[in-house]
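**Student:** give me a 3D structure for the following:
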Amino acid sequence: MELLYPPVCPFCGEVQKHGTGICDACRENLPIIKEPRCMICGKPVKTEEQEYCRDCGKRAYAFDQGRSLWLHVPPVTRAIYQLKFHNKRYYADIFAEEMAHWYGDWIRARGIEEIIPVPLHKSRLRARGFNQAALLAERLSEELQIPMGRHAVYRIRRTRPQKLLDDREREKNLKQAFGVSKQWKAPRNVLLVDDIYTTGSTIHRISKVLKKAGVQKVYFLTISIGQGL
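**Tutor:** Next comes the predicted model:
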């Protein structure tokens, strides 16, 4: 299979002759998130004295804390687009391995008992053929040996794409959009996994229903995140 479909770097597309994953040249230029960071969502902030980013400073979120691998700028944006819309599913394995490498200790320190993917509506899942968040969560679960709650959270109704909406519209768009399975037994601490974090509206809404179901603390981990400042 590797002769027919050789592994390539998700950022430059170059064939990897030795192993799989991110090539050395791309790794050196990835938009990593440096300190100082927002104490809640992990977005970069301007000064050490600034505790919260613009979004976290003006509203209270239901989740407790979150982290992301990289900023949502090229070439990360292109790689995520390829994963979601061009069926580059194996990119999810690479990104999940990066999550485990960089945030495995952070996850364990928070006593995470279950990893939960942000769900797609069934109509969107049929159209795309897979849920990229579920692919990430499944591989991260394998890497860290933490159970995955594949069907813990589900979408009640289809929502408009969040990227097309302003802050007020995002909140309205996600009201009563998520539910928790009645068969699911809530653990104390969970980790939500998704591809992108922007304003936090989706993670916030899911966190609300999880805490209503009995979860004590909700954390999140994504591939990329917007810039806070």
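**Student:** from here on, contacts and neighbour counts on C-alpha atoms
**Tutor:** Noted.
**Student:** residue 83 belongs to a strand, doesn't it?
**Tutor:** No: applying DSSP: H, G, I helix; E, B strand; the rest coil, one finds residue 83 to be helix, outside a strand.
**Student:** pretty sure it contacts residue 132?
**Tutor:** Yes: contact criterion CA atoms under 8 Å: residue 83 and residue 132 qualify, at 7.4 Å.
**Student:** and the two? Which one has more around it.
**Tutor:** Using other CA atoms under 10 Å as the criterion, residue 83 and residue 132 rank with residue 132 on top: 27 against 18.
**Student:** got any residues that touch both of residue 83 and residue 132?
**Tutor:** Common neighbours of residue 83 and residue 132, using CA atoms under 8 Å, 6 or more residues apart in numbering, are 89, 92.
**Student:** would you map out the domains in this structure?
**Tutor:** Here the domain parsing of the chain from automatic domain parsing is 1-30, 33-225.
**Student:** so what's the closest residue to residue 14 other than its chain neighbours bridging to?
**Tutor:** Residue nearest to residue 14 in three dimensions, not counting chain neighbours: residue 8, with 5.2 Å by CA to CA, 6 or more residues apart in numbering. Beta bridges link residue 8 to residue 15 when assigned by DSSP bridges.
**Student:** count of neighbours near residue 8?
**Tutor:** 19.
**Student:** show me what the nearest residue to residue 111 once chain neighbours are set aside bridges to in the sheet.
**Tutor:** Closest residue in space to residue 111, ignoring its immediate chain neighbours: residue 189 at 6.3 Å, by CA to CA, 6+ apart. Beta-bridge pairing of residue 189 under DSSP bridges involves residue 217.
**Student:** quick check: pLDDT value at residue 189.
**Tutor:** pLDDT, residue 189: 98.
**Student:** buried residues in the helix or strand hosting residue 103?
**Tutor:** Taking DSSP states H and E as the definition, one finds residue 103 inside helix 90-109. Buried positions in helix 90-109, judged by neighbour count with 16 or more other CA atoms under 10 Å: 91, 92, 93, 94, 95, 96, 97, 98, 99, 100, 103, 107.
**Student:** after it comes which helix or strand?
**Tutor:** Later in the chain than helix 90-109, the nearest helix or strand by DSSP H and E is strand 114-117.
**Student:** and that next one, how far out from the chain middle?
**Tutor:** Centroid separation between strand 114-117 and its chain, computed with CA atoms, centre = their mean, to the nearest Å, is 10 Å.
**Student:** just the strands in the chain please.
**Tutor:** 65-71, 114-117, 153-155, 178-180, 189-197, 217-225 (DSSP state E).
**Student:** in a markdown table: the ones you listed, plus mean neighbour count.
**Tutor:** Shown next, in a markdown table, are those (neighbours: other CA atoms under 10 Å):
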| stretch | mean neighbour count |
| --- | --- |
| strand 65-71 | 23 |
| strand 114-117 | 25 |
| strand 153-155 | 19 |
| strand 178-180 | 20 |
| strand 189-197 | 24 |
| strand 217-225 | 24 |
